[in-house]
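In: this one's sequence-less:
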C-alpha cells in the first residue's frame with residue numbers, strides 16, 4: 001500500500017514532537033516529513049533541479065503549515081504552492097499559533113484549505129491534530145491530479 005507522507009512545516013521542536021505524537025497516537029500511519037523553515041518546505045516540494053513539468057517525487061497527502069517560520073514565512077510558502085501547477089491542489093492546513101486577523105485573511109485569500117489555531121493545552125492540541133488527520137486524510141475526498149485522475153484514497157488509511 002502506498003502511504004503518501006504528511007509534510008509538517010514547523011520550526012518549534014516542541015510543536016513538532018507534539019504533532020507527530022498526536023498523529024501516531026491516533027493511528028495515522030503516514031510518514032511525517034518535517035521541514036523546519038519555508039526554504040526546506042519549498043525545496044521538498046520543488047527541489048532545486050526539478051523542472052516545471054517533472055512530478056513531485058513524494059507528493060504529500062497533506063501539508064501542515066505554520067505561518068511564523070524562519071527564512072520564508074508560511075504565507076509565502078502557501079502562495080508558491082498555489083502558484084505552481086503541480087501543487088496548487090495539494091491539501092494545505094495552516095496549523096499556527098497566530099491570532100493575527102491578517103494571517104487568517106491572507107491564508108484563505110491564497111487558497112488554504114483550513115486554518116487551525118494551535119491550542120495551548122496539550123490535550124486540546126492532541127485532539128485538534130487528531131481531527132485534522134481524520135478529516136483531511138480519511139474523510140475528505142482528495143482533488144484529482146493534473147490528469148483528472150482521483151488521487152488514491154487508500155494512501156492514508158489508519159491501522160486497526
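Out: Received, thanks. For clarity, every value in this text was computed on a predicted model and none was experimentally measured.

In: contacts only, for the residue sitting nearest the centre point of the chain.
Out: In the chain, the C-alpha closest to the average C-alpha coordinate belongs to residue 63, at a distance of 1.0 Å (C-alpha atoms, centre = their mean). Listed by C-beta atoms under 8 Å, 6 or more residues apart in numbering, the contact set of residue 63 reads 6-7, 9, 41, 81, 90-93. Yep, even glycine has a C-beta here, placed from its N, CA and C like the rest.

In: let's go with 6 Å and repeat that
Out: The contact partners of residue 63, taken as C-beta atoms under 6 Å, 6 or more residues apart in numbering, are 7, 90, 92.

In: could you do residue 18 as well?
Out: By C-beta under 6 Å, 6+ apart, the contact list for residue 18 reads residue 125.

In: mind checking which helix or strand it is in?
Out: Applying DSSP states H and E as the criterion places residue 18 in helix 13-25.

In: how far off centre is that helix?
Out: 14 Å (C-alpha atoms, centre = their mean, to the nearest Å).

In: do stretch 128-137 as well
Out: When C-alpha coordinates are averaged (C-alpha atoms, centre = their mean), stretch 128-137 and its chain have centres 11 Å apart.

In: what's the span of that stretch, first residue to last?
Out: The first and last residues of stretch 128-137 sit 14 Å apart, counting by C-alpha to C-alpha, to the nearest Å.

In: roughly how far apart are residue 82 and residue 18?
Out: When distances are taken as C-beta to C-beta, to the nearest Å, residue 82 and residue 18 turn out to be 27 Å apart.
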